[in-house]
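Engineer: Next come a sequence and a model predicted from it.
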Amino acid sequence: MTGEGRAGLTVSHRRYVPYAHAHYAGDLVDGAYLLGLFGDVATELCIRSDGDEGLFASYDDVQFLAPLRAGDVVEASGTLTRIGRRSRGVEFIATVLCRAAPGRSASAADVLSEPLIVARARGTVVVP
């Protein structure tokens with residue numbers, strides 16, 4: 001391990017969700033978008049903890065709790081919860097921090113007073 005490989009290590013990525021990713025009415029974005037973000041977070045966690053990108057082995061649980069929409073600023077975070085010989089347990093959370101406000105104008109948006117949790121997941125990554 002590189003020295004950071006410890007339970008409690010957390011990585012967060014923020015991203016603006018472009019309108020090109022909306023697939024459904026109401027500018028809804030599919031859940032696979034969030035799983036992709038969780039995969040990116042898991043990759044950085046593996047790099048920081050083990051000096052290797054690692055491989056995502058499985059999700060134990062995925063819960064989509066609220067809609068993700070085009071125009072959102074979303075933060076995906078992952079925390080190492082378990083360190084095995086080759087496997088690592090990770091808990092993920094995705095929160096919306098900003099949301100488009102098209103009712104005001106085409107480019108209006110608001111910073112949410114409280115982050116909106118849109119997804120949670122648990123998974124396992126493996127490293128060489």
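Structural biologist: The structure has been received and is ready for your questions.
Engineer: alpha carbons only for contacts and neighbour counts from here, please
Structural biologist: Will do.
Engineer: in the chain, which residue is closest to the centre?
Structural biologist: Centroid-nearest residue in the chain, with CA atoms, centre = their mean: residue 76, separated by 2.8 Å.
Engineer: who does it bridge with?
Structural biologist: Residues in a beta bridge with residue 76, per DSSP bridges, are residue 13, residue 94.
Engineer: Could you report the separation of it from residue 50?
Structural biologist: To residue 50, residue 76 is 20 Å away according to CA to CA, to the nearest Å.
Engineer: what's the answer for residue 111, then?
Structural biologist: On the measure of CA to CA, residue 111 and residue 50 end up 35 Å apart.
Engineer: Between those two, which is the more surrounded one?
Structural biologist: Remark: of residue 111 and residue 50, residue 50 carries more neighbours, 19 against 13, as counted by other CA atoms under 10 Å.
Engineer: need the contact list for the residue nearest to the centre of the chain.
Structural biologist: Residues near residue 76 by CA atoms under 8 Å, 6 or more residues apart in numbering: 12, 13, 14, 34, 37, 38, 41, 92, 93, 94, 95.
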